[in-house]
Every structure is written in structure tokens, then in C-alpha cells.
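# The amino acid sequence is not available; the structure is as follows:
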């Protein structure tokens, strides 16, 4: 579709900021930094690495299972409330992980009213939420919507023909789903699971709120506690290597599963019988309840006495800036990742092929390290960029490229190359070809990519904090200001505003995604 | 009339361009502004800066983030940095910034008169503006305060399963341990911390509020927190069952940290920044700076918040707070070795 050199250029440009950061991290390995790292190897990193590994595996597995099960339920079955769940199951994404962790710690830990009451009245005891298991639970509940959304788009675009063929071959609906539809959706599920794993690798908010030691907390300990940014960057280097291994695994798995299809007749959902429908509603409702309704209820209770004190006209400004930054950021990321996946589809030079995976590695670098790693070289090379939003958007793209990329890559991978060739033979020009043939089939992926990046950017904190212009406060920054000295009850006000602000775009985009199928 | 998609897009783009243009063109201002990079939150500093502007006509522009991040930013920006002042919530970060050559010395008889020498940098590159006392708190029904004495005594086996601590990742604990190392040496401090870790009733908590809630709920009996967290708790719930005990009164005094500030090496408006610093060190500004968060003023002449005063007076540590920064990295190592997570 693009000329070979142009495709290579697109890939190199998209990967450039990530390369700047990665070169910086590589540089840290060549910088002497005393024995801080040896000290950490001896006392912290063994435990921290083990916890990180346990978290990545359990969260990836948990989010993949939960997300796929819900996606299959919503995409393939019909039951009362299906429409409602189809978009509302995305809502947990709009709650920042560290806010959910604080809610869980506040409502499930020993001193919480609920636990105190159950302990005193009924003698109940349960393990502390402030543990690796607790962190895994919180991360699964905030991250499963990635898998849910991307898998659902993939399942909904699976052709009815395959199911019919399977049933002609004597397969039951369940067998057909397992043997035909899930394999078709597997590349998408893997891509989404890789996203979840990378986000878990880079997470600092959840593990810090529950005081679980991981590689990221070790990293911040070296930087904030021992004043050694270099050691922190060296540890960030480990995270990137782990992420690249993950991406490689995902890429290989996906390559071996590559399936193409041509769309065709939309899937017909199977109507569940009343008992099945009740179970489906109970399952989806429970997940929505614990991952969204309960935390929001808890936030409302916290906020109730502070609405009058904190909620005023400033909130319109916070809201507008959050929405503009997230909207523009998501637009840029989705546009660039669309160009990028097309460029990768072409026969590009080996350099571009080799560098392409690095463009998505930014998602595994904790935001603060990435922000500092970009800010320093950019402001030194181009001082006039200081105080503009340019650096902010570059950093957004670097960090969140993977989120826009995953749905686009899996969406485009489903379209057969033969389709491009047929159109080419018929003499259509590239844009026309794209508009008439690819766009109708990619709309769902574009909407999914936009929804995911938008909500992620609304919650984004470290990059916005470092690179925003003076006085440029957003809802996420307001939450940070209030929580940094432990004022959780006041912080619930902007946290709720953040959740509400994500509600409408998610609902709207969910509508686009369904229309697309 | 319905607008076409293209017209709407044009309008949106136009509005966006206007918004961004507006950001780059500050309105004409009378005096040259003072630019502050602050790790102290917006709600604690904005009202005070607004007052400074009203009284002196000097506008203040500020941005907030973690101190470590602001220091990297200052360092990366170098001569081009717009910042005149760095404000933090802990002495360690000020020491770090000064150590990296990011702050400039300021000689001011006003600052010297208003702020005790132990709460200022000996090299005059930064000053404390409010004191944050970190001391022992206890449950009055389960602990007789006569059994309490020092931080170090909490390592005694009588407190087995009765102590709650915040995570050692928080700089407040790192500063406390750094000052203990200065007073008693590394080995003795490490032994104390091993004792604390052995006495923990629950894994270390993520914040001071959780420590106090655990004491109130009966999970443990004693803990170590910054007093302003208790102040806030008591404002909401006057009968909250946690009391303050002033640690180490017979010895080297209770640990205090500072929230403070220094003028940057490449400040464009050092005179304005010095004026702000001096203004913050006295009078109503000092009362507001400490009082808005129930901290202690650094200026002994300034009145203390009534609720804070109700905990009684105490002798603060006599060691210069600069040691908290100088020994922070060592403190972290000691805590790691002793297994405080």
C-alpha cells in the first residue's frame, strides 16, 4: 500500500521516541552507579523479581480467562441485559488501578468496618488484601476489560459461515465455539493479554498502595530513596527486556495462528434459556459489581462530605483539559498506529522489521522513568519545547502506542492480503481501496483502539504531571494532589469525576463497535 | 441547521488551537513572577501564594510533582529552567538538590532570625518552612504511656506483635532512620530496626492513616506517624482512640522533618524568590503554611494551631536536619538489610 521506503520511514518515525528512551536505559547500564544495584540484588531483587513474575503470570492468566469468558458471553449469546453489559463491562477501565487498590484496602483490610464486623460477629478471618494475591486481584479487575474488548471485537467479526460449516460437520454450538471461534479470536486474545502483562510489569500505583515489593518498587526505591536514577534506569532495562520477551512470545504465537477471513454474514447470537440467562446475568453482574459498582459506591461514600467543599467551577477546567488531552492523544496514537500496522503489512526493510517491536515496548516502562527519559534529551536538544504540550504528546505516544496498536494489528491481520491484491488489480488507488474495502471492516478495531487509549490517557498521571504547562490541572492530577498527603476522602471527588467523564465516550464507542460488525 | 462533519471538525480544531495558543501567552503582569517547582500539594500552597501576590503584587506561578521528578527536571533544564524556587515536603530531597548543585546560597538576616539553625542548610541553600514531627502514637486503653520512652525501645520484645509501621519506602521513615544513624551509628540502628520488624503485628502499611486505623481497630497497639495525619483524623472524628507520645524526650529529642524550599541555581528572579521565602518565614504566612496542614511552624514566634497545641510541647531533635539527606541512602540500605519492607 505504501512505497517500501515510505513504509520503513513510518515505522522508524513511530519507534523513534521509544528508541530515545531505550538508548537512555542502555546508557544507564554503561554508567557506573556505585554498588546500589549490587545492594539491591542482595536484599531486594530476588523477592521483587519473584513477586513481579507471579503477578505477571497470574494477572495475565486471570484477565485472559475473565475477559474471554465475558467476551464470548456477550458476543455469542443473547440474554436480557446483554446490551447493557456489552458496554458497561468496559467501565472498570476508567478507575485508576491505585484508586481501586485504595478502595479494596479501605474496605477489606483488618481495620475496615466490614472486616471488623464480620470478625467480631461471626469470627471470620481472611488473608490480607495487602499481599501479592491482593495486588493480583486488583490488577485483574482493572485490566480484564482490555481482553474483553479486543476479544469481543474479534469474536463479533468472526463469520457466521464458520459456525454453519462446523454445525454441518456435526459439531454442537459449544464445540464449534471452542474449536472454531476461539482459535479465530486467539490472536486477538493473545495480543490483549500481552498488553495486560506489560501494564502489570510497569505498574507502580497498585503495588505501592498495597505495599507489595516488585521490580518497579525496587526501581523507585533506588531513585527516590537512594538518589540513584541510574540504578532505577538499569532496573527499567530489566523490565524492557522482560517486555520484549513477552512481545516475542506473543508474536510467535500469533504468527503460528494467523487466520484470515472475509467478514461476511454477521454472527447470530444464541438465545439462552431462562436458567442459562440467569447464570449469565449473575456472572456478568458480579464482575461488574466488584470491579466497578462497589468501588464507585465506596468512592461516593468517601466523597459525600466533600462535594460541597471541593466541587466548584474549577472542575469544568479539569474536565475539559482531561478530555482534550486524552482525546487528542488517543487520536494521535490511533492514527499513527494505523499507519504503522499498514507499514508493517508491507514488505519493509529488515531494519524496520527489527525495530518495529521496540515501538510498543514503552508500555512496560513505568511512566515516570519514561517521562524523565524523554524530557531530558528533548529539552536539552530543543529547549524551546519546554512548557509546550509537544513533549507531553510525544511521551503519551511512546508510552501508550501498544494500547492503540494491539487492536489495530489484530484487526488488520484478519483481512486477507488477497483482498488488497484484488482491489489493486481492479485499479483502485490506495486511499480509495482503504476507504471502500478496509475501513468498513476495521471500524470496530479503530473504535476499540480509540476507547482503550482514551480511557488510559484520562487516568495517566506521571507523564502529565512532569510535562504539563504551568497551572494545567487535570482530573488525574487533582486526584494525585489530594492523595499524595493521604486525603483519600477528598480525592474521591475528582476520582468520581474521572470515572463519569469516561462513561459517555465508552458507551458511544461501544455503540460504534457493535455497528461495525 | 445541522453542521457538516467537516465544519464541525474545523471548529474543533480551531478551538483546540486557541486553547493551546492561550497557554503560551501569559497575560501582561505587573511584576516579574516567581516560578516555583513544588512537591507540596496545590491545596496547601495556592492559598498562601495568592495571599503573597495580594500583599506584594508579585505573581507566583507553580507546578507540582514528586520532588525526585522535579529535581530531574531542574537538572535537565539547566540554564533554561523557568524555576526560581524548589519546594519539597522533606529535607532529604532539598539536600539532594543542593548536593547536585541545583540550589544557590542565599544570605538573609530575616531567614536567619526567623528559622532555627537546625532547620536550615548550613550552606544557606535551603530553609525549612514547617516542621513535621514524626513520633509514637498509641491506643490509650491498651497502652500505659508510662511504658513508652523512645523509638528504640519499641524494638523490645514486650512489643512483639503490637507494633504497626508504615512502609520503609516512604521518605518520612527514611529520614527518621537517617537521623537515628547520625545519633547512634549504623550497627545500633540496624539492631533497633530488626527489633521493630520482629515486633510488627502486620506487614508494613502504605500510609500513616492505615497505621492509625490499625491501632484503632485493635490490630496493633503502637505505631510511628507524622502528627498532622492524626490531626486530620481528629478533625473528622474527635474521639478517634489514638494518642500522641513525644518520643526521646530524655535523650536527643523527637524527630522532626521539614517541608522547605531553596532558590534555584539558575533562578531568573532570585530577588522575588528571596522575598517570597522571607515572607513565608514570618507572621501570618508562617501560621498558614504550617496551620493549613496541622504542622508546626519553624518560626518559634508564630502561634501553633489549637488542636496541635493540645498534644503538649516537646523537645525536637537538636541535630541539623541536613543529616536526614546526607544519610538517607545509608538509611535505605540499613532498612533493606533489616528486612523492613
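Looks like it arrived, so ask away. All of these numbers come straight from a predicted model, not from anything done at the bench.
# Tell me where the stretch 201-341 of chain B is predicted with low confidence.
Within the stretch 201-341 of chain B, no range satisfies pLDDT under 70.
# if I pick the residue in it positioned nearest to chain A, what's in contact with it?
Using C-beta to the nearest C-beta, residue B:217 is the residue of the stretch 201-341 of chain B that sits closest to chain A, at 3.5 Å. For glycine as for every other residue, the C-beta is placed from the backbone atoms N, C-alpha and C. With contacts taken as C-beta atoms under 8 Å, 6 or more residues apart in numbering or on different chains, residue B:217 has the following neighbours: A:110-111, A:116.
# Look up the closest residue to residue A:365, ignoring the ones flanking it.
Distances taken as C-beta to C-beta, 6 or more residues apart in numbering or on different chains put residue A:236 closest to residue A:365, at 5.6 Å, once the chain neighbours are dropped.
# per-residue confidence for that neighbour?
Note for residue A:236: predicted pLDDT of 95.
# SS state for it?
Per DSSP: H, G, I helix; E, B strand; the rest coil, the local secondary structure of residue A:236 is helix.
# ok, it to chain B distance?
14 Å (C-beta to the nearest C-beta, to the nearest Å).
# My guess is that residue contacts residue A:362. True?
No: judged on C-beta atoms under 8 Å, residue A:236 makes no contact with residue A:362 at a distance of 10.9 Å.
# just the helices in the stretch 351-500 of chain A please.
Along the stretch 351-500 of chain A, counting by DSSP state H, counting those that start in this stretch, helices occupy A:367-381, A:390-413, A:417-425, A:430-433, A:439-459, A:462-467, A:475-483, A:488-515.
# Mind checking those for the one nearest to residue A:128?
Checking the helices of the stretch 351-500 of chain A against residue A:128 by C-beta to C-beta gives helix A:488-515 as the closest, at 18.6 Å.
# Now do the contacts for the closest residue to residue A:78 other than its chain neighbours.
For residue A:78, ignoring the flanking residues on the chain, the nearest one in space by C-beta to C-beta, 6+ apart is residue A:269 at 4.1 Å. Residues in contact with residue A:269 (C-beta under 8 Å, 6+ apart) are A:75-78, A:82.
# For the spatially most distant residue from the centre of chain A, pull up the helix or strand it's in.
Taking C-alpha atoms, centre = their mean, the residue of chain A most remote from its mean C-alpha position is residue A:121, at 40.7 Å. If you go by DSSP states H and E, residue A:121 is part of helix A:113-122.
# Report the mean confidence score over the helix or strand just after that helix.
Using DSSP H and E, the helix or strand that follows helix A:113-122 towards the C-terminus is helix A:132-156. Helix A:132-156 shows a mean pLDDT of 94.
# Quick check: which helices or strands does helix A:132-156 pack against?
Judged by 3 or more C-beta pairs under 8 Å, 6 or more residues apart in numbering or on different chains; DSSP states H and E, helix A:132-156 is in contact with helix A:45-76, helix A:97-108, helix A:182-202, helix A:205-209, helix A:390-413, helix A:439-459, helix A:488-515.
# quick one, phi psi at residue B:258?
Backbone torsions of residue B:258, given as degrees, to the nearest 10, read phi -130, psi 150.
# What of residue B:116?
Main-chain torsions, residue B:116, degrees, to the nearest 10: phi -60, psi 150.
# so it sits right up against residue B:296, yeah?
No: at 11.3 Å, residue B:116 does not count as touching residue B:296 under the criterion of C-beta under 8 Å.
# Have a look at those two and say which one is more surrounded.
Under the criterion of other C-beta atoms under 10 Å in any protein chain shown, the comparison of residue B:116 against residue B:296 puts residue B:296 first, with 23 against 16.
# Name whatever forms a beta bridge with the nearest residue to that one once chain neighbours are set aside.
Leaving out its chain neighbours, the residue that sits closest to residue B:296 by C-beta to C-beta, 6+ apart is residue B:131, at 4.0 Å. For residue B:131, the beta-bridge partners are residue B:258, residue B:296 (DSSP bridges).
# Neighbours of residue A:125, how many?
By other C-beta under 10 Å, 9 other residues sit near residue A:125.
# Quickly note the distance from the nearest residue to it once chain neighbours are set aside to residue B:217.
Counting by C-beta to C-beta, 6+ apart, the nearest residue to residue A:125 once its immediate chain neighbours are dropped is residue A:119, at 6.6 Å. Residue A:119 sits 9 Å away from residue B:217, going by C-beta to C-beta, to the nearest Å.
# so what pLDDT did residue 197 get?
All of this is about chain A. Here the pLDDT value assigned to residue A:197 is 97.
# that's the wrong chain, I wanted chain B
pLDDT for residue B:197: 98.
# quick one: contacts for it?
By C-beta under 8 Å, 6+ apart, the residues touching residue B:197 are B:338-340.
# Kindly report the same for residue A:405.
Going by C-beta under 8 Å, 6+ apart, residue A:405 touches A:337, A:340-341, A:359-360, A:449.
# between those, which is nearest residue A:94?
Using C-beta to C-beta, residue A:449 comes nearest to residue A:94 of the contacts of residue A:405, at 16.5 Å.
# tilt between the helix or strand hosting residue A:41 and helix A:45-76?
Using DSSP H and E, residue A:41 maps to helix A:36-43. Helix A:36-43 and helix A:45-76 meet at an angle of 80 degrees, taking axes from the mean of the first three to the mean of the last three C-alpha atoms, to 10 degrees as the criterion.
# Does helix A:36-43 reach chain B?
Yes: shown here: helix A:36-43 in contact with chain B (C-beta under 8 Å from any C-beta of the partner chain) through A:36, A:39-40, A:43.
# Tell me the one among those residues nearest to chain B.
The shortest approach to chain B among the residues of helix A:36-43 next to chain B belongs to residue A:43, at 4.0 Å (C-beta to the nearest C-beta).
# burial of the closest residue to the closest one other than its chain neighbours, as a residue count?
Among residues not flanking residue A:43 along the chain, residue B:336 sits closest, at 4.0 Å (C-beta to C-beta, 6+ apart). Residue B:336: 21 surrounding residues under other C-beta under 10 Å.
# I appreciate the help and will end here.
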